[in-house]
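Undergrad: Return a 3D structure for these sequence lines:
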Amino acid sequence: MVFNQSNDMKSKIIKLAHAPHGLPRVTDFKLEEEPMVGVAENELWLKPLYFSVDPYLRAAMAGEHPPLLHPGDVIVSRAIAEVIESTHKGFKIGDIVTGYMEWRNNMIRNTDGLNLIEISELPLSAYLGVLGTTGLSAYFALKEIGKPKQGETIVVSGAAGAVGSIAGQIGKLLGCRVIGIVGNDEKANYIQSELGFDGAINYKTTPNIEAAIIGLCKDGVDVYFDNVGGEISDGVIARMNNYGRVVVCGSIANYNDTAISMGPRLLPQVVFKKLLIQGFLIGDYKDRFAEGRAVLQQWLKDGKIKNMETIVNDFDKLPEAFIGLFTGKNEGKMIVKI
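TA: Numbering: from 1, shown residues only. Reported below is the predicted structural model:
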C-alpha cells in the first residue's frame with residue numbers, strides 16, 4: 001500500500017531545542033509530531049530499527065564538527081531501517097538499509113547515501129558498531145595512522161567505548177601489548193577478561209595518569225589511540241617513545257567544556273620525541289569501506305573480536321542515551337532500538 005496524506009499518518013521527530021551549555025540536558029531536545037505525505041517517485045518509506053548515538057554530535061551542536069546542528073534542526077545520525085514501501089527500482093519492501101537518517105520513527109526520503117545490508121547470521125546492530133563507521137574508524141585509524149608494529153605498546157583512552165574497545169582488540173590481533181584507560185573498575189575488568197587487554201587504568205581513581213602509565217608501560221608508549229583528550233592525554237603523551245604515533249579520534253573530555261582548558265604545552269615533546277599526532281574523519285576512507293568491513297566481518301565471524309554494545313529501547317529515549325555517553329552509561333557502542 002502506498003499511503004497518501006489523507007491517511008493522517010504521523011511521525012515522531014526529535015529536534016535540537018537549544019544549543020547545550022556544558023553537559024547536554026533532556027530539555028535541550030524537543031519531541032514533536034508531524035504528518036507524513038505519500039511516497040513520491042524514487043522514494044522510500046522507512047521504518048527505523050536502530051539509531052546510533054555518538055559523541056561527535058555534541059561537537060556538531062557546538063559548531064565544531066560538520067554537519068553542524070543548530071536549534072530547530074532535526075538530529076541526524078547513522079541508523080538502520082526497514083523498507084516499508086518503495087517506488088525506487090533499486091529497493092524493495094523488506095530490504096534493510098543503513099545510512100545517515102533524521103531522528104524520526106517513520107520517514108519518507110530519497111535513497112541518497114543509503115546502502116543495503118545483506119541479512120546474515122550477524123546481528124543488525126553490528127552494522128552501527130563493529131561493522132559500521134565505529135569499527136571502520138578503529139580499523140583504518142589504527143592501521144593507517146598508528147601503524148603499530150608487532151611487540152609495540154599501544155595505549156587506548158576511552159577503551160570501553162565504541163571505537164576504543166575495537167581499536168584495542170585490533171591492536172592485540174596485530175601482536176601488540178595494549179593498555180586501556182576507562183572510567184570504572186567494572187570496565188577495567190571487562191576489557192582485560194573479555195577483550196584481552198593487557199592492563200587497564202581507572203582514571204577516576206588514579207590521581208596521576210603519567211605515573212600509572214610508567215607502572216604499566218615499562219618500555220614507554222609507541223602508539224596512543226586517543227578518544228578522550230584533556231589531562232588523560234597529557235599524561236599518556238608525556239610517556240611516548242621517540243617516533244611515537246598519536247591517533248586523535250575524539251576529545252570527549254572537552255566536548256562539554258564551557259571555557260577553553262589549558263594543559264601542558266606539548267610542542268617541545270613533539271619536537272624532541274619526533275612524534276606524529278594526526279586526527280582524521282572516517283569519511284577520509286570512504287572509498288575503502290568495503291575492504292575494511294570485509295576484514296572486520298571475518299574477524300567477528302571467527303570470534304577474534306567481540307561486538308561490545310549497549311542497547312536502549314524506545315525512540316523517545318534517544319536524548320537520554322546520547323547524554324549517557326558523557327556520564328559513562330555505555331559499554332561499547334551506544335544504540336537505541338526503536
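Undergrad: Leaving out chain neighbours, which residue sits closest to Gly151?
TA: Nearest residue to Gly151, sequence neighbours excluded (CB to CB, 6 or more residues apart in numbering): Gly175, at 6.5 Å. Just so you know, the C-beta spots here come from the backbone N, C-alpha and C atoms, and that holds for glycine as well.
Undergrad: Leu136 is in contact with Val295, correct?
TA: No - using CB atoms under 8 Å, Val295 is not in contact with Leu136, being 9.9 Å away.
Undergrad: Counting neighbours, go ahead and name the busier of the two.
TA: Leu136 (23 against 15; other CB atoms under 10 Å).
Undergrad: For the stretch 151-300 of the chain, which segments count as helices?
TA: Remark: helices assigned in the stretch 151-300 of the chain by DSSP state H, counting those that start in this stretch are 162-173, 185-193, 209-216, 230-237, 267-272, 289-301.
Undergrad: Sketch out the low-pLDDT regions of the stretch 1-150 of the chain for me.
TA: Filtered on pLDDT under 70, the stretch 1-150 of the chain yields the residue ranges 1-7.
Undergrad: Just the strands from it, written as ranges.
TA: With DSSP state E, counting those that start in this stretch as the criterion, the stretch 1-150 of the chain has strands at 10-16, 29-35, 44-52, 76-86, 96-102, 107-109, 115-116.
Undergrad: angle of the third one against helix 162-173?
TA: It stands for strand 44-52. Angle, strand 44-52 to helix 162-173, by axes from the mean of the first three to the mean of the last three CA atoms, to 10 degrees: 70 degrees.
Undergrad: just so I know, which of the helices of the stretch 151-300 of the chain lies nearest Asp314?
TA: helix 162-173 (20.2 Å; CB to CB).
Undergrad: what is the rounded mean pLDDT of that closest one?
TA: For helix 162-173, mean pLDDT is 97.
Undergrad: Contacts for that helix next, please.
TA: By CB atoms under 8 Å, 6 or more residues apart in numbering, the list of residues contacting helix 162-173 from outside reads 54, 129-130, 134-135, 137-139, 141-143, 148, 154, 156-159, 178, 180, 191, 195-197, 223, 225, 227, 249-250, 299, 304-306, 308, 330-334.
Undergrad: Could you check how far it is from the centre of its chain?
TA: Taking CA atoms, centre = their mean, to the nearest Å, one finds helix 162-173 lying 13 Å from the centre of the chain it belongs to.
Undergrad: Dump it to CSV, keeping only the CA atoms.
TA: This file holds the C-alpha atoms of helix 162-173, laid out as CSV (Å, rounded to 0.1, in the frame of the first residue of the first chain):
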residue,chain,number,x,y,z
ALA,A,162,32.6,2.2,20.9
VAL,A,163,35.8,2.9,19.0
GLY,A,164,38.3,2.3,21.7
SER,A,165,37.1,-1.2,22.6
ILE,A,166,37.5,-2.3,18.9
ALA,A,167,40.9,-0.4,18.5
GLY,A,168,42.3,-2.3,21.5
GLN,A,169,41.1,-5.7,20.2
ILE,A,170,42.7,-4.9,16.7
GLY,A,171,45.9,-3.9,18.5
LYS,A,172,46.0,-7.3,20.1
LEU,A,173,45.4,-9.1,16.8
